[in-house]
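Chemist: Kindly return the folded structure for what I paste below:
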Amino acid sequence: MSHWYPHEFAAHICRQLKTEVPERPREDCPGCSILSVLLSTCYQASLMREEERQVRFRLIFREPERFPAGQDPPDGLHRLVFLEPRPCTEDELRRLSPAISFDRAMIGVNLNADGKLQIWGVVHSGTRWMQAVHGGTQLINPVPDSLIVFVTGPGRISVSVGSTMIAGLRGGQVVSMAREVFAASWLREIFATHRDELWDLHLDARQKSGDIWPPIDPEFPVILGQNLLRRVISLMRSYRHGGTLLIIPSERTDELKQANPYLNIKYPFLTDIGRRRIFPHIVGIMNEFARVASRSQRECRPLGWDEYLALSDPVLTRMDEALFELAHFVADLSLVDGAVVLNRRFEVLGFGAEISGGLENVTRLHVALDIEGETRQPEAVKGRGTRHRSAYRLCNALHDALAIVISQDGQVLFVHWHDGAVTCWDQVATSLLDF
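Modeler: Numbers count the residues shown, from 1 in each chain. Alright, predicted model coming up:
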């Protein structure tokens, strides 16, 4: 397997910019030769340490004059310009990284009169930008449509233009949002029935309200559910414990909670409203979103995710916070050995589940090379961990089950029976920071 390095990565980014954001003004993104130098410098800085601390930073390529003056976080960006620019070198980035917090600030970079990269100062952003990663309904201060470089660890670099992620470099391999499994039609189909159920419950609430609620974009509950699952996965990755989420068809809930040949749930939950909390909570957010938006919405166009994030309503904010607290709860259950089991309505059936060792062993699986699994590569299972092999056995026996396996090193695999074989997808982007 060949490895990519900053020069090749920069060329890839330039190609992507022409297709992903072709309308972007030239001054917002450096040319390919400058980008190659910038990414090479960031790459070298990522391999260094500052007083035994890992080097992490965000860097934005933008002229300081293009930031509006007099703004501050959390609603705006606070620009501070050095009296004298500093050279943009790996050593300078290393030295600045502890002071310019990854979560709260960016290193400002532009070209000097000689066309060389220089550090002109600091952009204080606050932490609200991270809600695009971890969820939340507080109004997010917009990230400028400029090239931003994220250095998150040794050899781990991501590039975005504004909030649009372009690609990342991880382990010498380029990863792209195009490989984001959440966009796959087969995954959407798994939850299709319950997505329709959500809409039926929402439409019933609309009729009973007696008010005229603006329409909601059909993609809204999809995005809400995906962000919930992303949050669970992102938290599990951050624990560095490893774990497995098993998502089973809702109609098999009772079967799999009792004695069965597939798995044994060590800590099952009672069937009551507590176990069913997530699904009605999503419906509640949809209803409250439409109700709150009806106060100011005058257009007939459907309301989507952007409008949801822009709303400032205390009730909706509390509901959103409660949903992501539920995500924390589910993720925490994975810290006990064994799988966390949910059904497709996001009901938590229990945790500490052991997949039966009596199921037929899987000796070969198919590794998907695209999100739809249209191109796959056969691979021997030998050498894979116990957690992965047990997930393969379950999906081989239960074709309608979905397993999400998180390794201690942070790798995320989606495992499902697809087109006649156990197939796995490497989910490379549960969030922007996972690049």
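
Chemist: In this structure Arg104 contacts Val123, no?
Modeler: No - if you go by Cβ atoms under 8 Å, Arg104 and Val123 don't touch, sitting 10.0 Å apart. (C-beta placed from N, C-alpha, C; glycine too.)

Chemist: Neighbour count: the two, which is higher?
Modeler: Val123 (25 against 15; other Cβ atoms under 10 Å).

Chemist: how much space between the more buried one and Val109?
Modeler: As judged by Cβ to Cβ, to the nearest Å, Val123 and Val109 stand 10 Å apart.

Chemist: now Cys88
Modeler: 6 Å.

Chemist: Overlap in contacts, the two.
Modeler: Among the neighbours of Cys88, those also in contact with Val109 (Cβ atoms under 8 Å, 6 or more residues apart in numbering) are 38, 117-119.

Chemist: Now neighbour count too, for these, in TSV please.
Modeler: Rendered in TSV, the data for the shared contacts of Cys88 and Val109 read as follows (neighbours: other Cβ atoms under 10 Å):
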residue	neighbour count
Leu38	21
Leu117	18
Gln118	19
Ile119	20
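
Chemist: nearest to Phe220, of those residues?
Modeler: Leu38 (37.1 Å; Cβ to Cβ).

Chemist: where's the longest strand along the chain relative to the chain centroid, distance-wise?
Modeler: Taking DSSP state E as the criterion, the chain has its longest strand at strand 78-87. Put simply, strand 78-87 sits 32 Å off its chain's centre (Cα atoms, centre = their mean, to the nearest Å).

Chemist: Going along the chain, name the helices of this protein.
Modeler: Assigned by DSSP state H, the chain shows helices spanning 6-20, 32-46, 90-96, 131-134, 185-190, 192-209, 219-239, 253-257, 278-293, 305-310, 314-333, 386-397.

Chemist: Tell me which of these approaches Arg53 most closely.
Modeler: When the helices of the chain are ranked by proximity to Arg53 (Cβ to Cβ), helix 90-96 comes first, at 9.6 Å.

Chemist: So for the closest one, what gets flagged as buried?
Modeler: Under the neighbour-count criterion of 16 or more other Cβ atoms under 10 Å, helix 90-96 has 90, 92-96 buried.

Chemist: Just put these in a markdown table and tack on distance to Asp370 and pLDDT.
Modeler: What follows is those, written out as a markdown table (distance: Cβ to Cβ, whole Å; pLDDT from 0 to 100):
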| residue | distance to Asp370 | pLDDT |
| --- | --- | --- |
| Glu90 | 35 | 97 |
| Glu92 | 40 | 97 |
| Leu93 | 35 | 97 |
| Arg94 | 38 | 96 |
| Arg95 | 42 | 95 |
| Leu96 | 39 | 96 |
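
Chemist: Please name the strands paired to the longest strand of the chain in the sheet, noting orientation.
Modeler: Strand pairing for strand 78-87, determined by DSSP bridges: strand 117-124 (antiparallel).

Chemist: rewinding a little: between the shared contacts of Cys88 and Val109, which is nearest Ser390?
Modeler: Leu38 (44.2 Å).

Chemist: show me the contacts for the closest one.
Modeler: Taking Cβ under 8 Å, 6+ apart as the definition, contacts of Leu38 comprise 10, 30, 59, 61, 88, 109, 117, 149.

Chemist: So for these, which is the shakiest by pLDDT?
Modeler: Of all the contacts of Leu38, Pro30 has the smallest pLDDT value, namely 88.

Chemist: check contacts around it.
Modeler: 38, 61, 111, 147.

Chemist: hmm, 7 Å instead?
Modeler: 38, 61, 147 (Cβ atoms under 7 Å, 6 or more residues apart in numbering).

Chemist: Turn those into CSV, including distance to Arg53.
Modeler: Output for the contacts of Pro30, formatted as CSV (distance: Cβ to Cβ, whole Å):
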residue, distance to Arg53
Leu38, 22
Phe61, 25
Leu147, 26
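
Chemist: ok, of those, which one's closest to Ser158?
Modeler: Using Cβ to Cβ, the contacts of Pro30 come closest to Ser158 at Leu147, 11.3 Å.

Chemist: Could you report the pLDDT at that closest one?
Modeler: For Leu147, pLDDT reads 94.

Chemist: next one: Gly171
Modeler: Looking at Gly171, the pLDDT reads 75.

Chemist: And for Pro68, the neighbour number?
Modeler: 10.

Chemist: Same check on Ala290?
Modeler: Other residues close to Ala290 by other Cβ under 10 Å number 22.

Chemist: Please apply the same query to Ser234.
Modeler: Every residue meeting other Cβ under 10 Å relative to Ser234 is counted, giving 22.

Chemist: low pLDDT regions in the stretch 51-200 of the chain?
Modeler: Counting by pLDDT under 70, the stretch 51-200 of the chain has low-confidence residues at 130-142, 176-179.

Chemist: redo that, cut-off 80
Modeler: Low-confidence segments of the stretch 51-200 of the chain, defined by pLDDT under 80, span residues 74-75, 127-143, 163-165, 170-171, 173-180.

Chemist: now the nearest residue to His78 once chain neighbours are set aside, which residues is it bridged with?
Modeler: Distances taken as Cβ to Cβ, 6 or more residues apart in numbering place His124 nearest to His78, at 3.8 Å, with adjacent residues excluded. Judged by DSSP bridges, the bridge partners of His124 are His78, Ala105.
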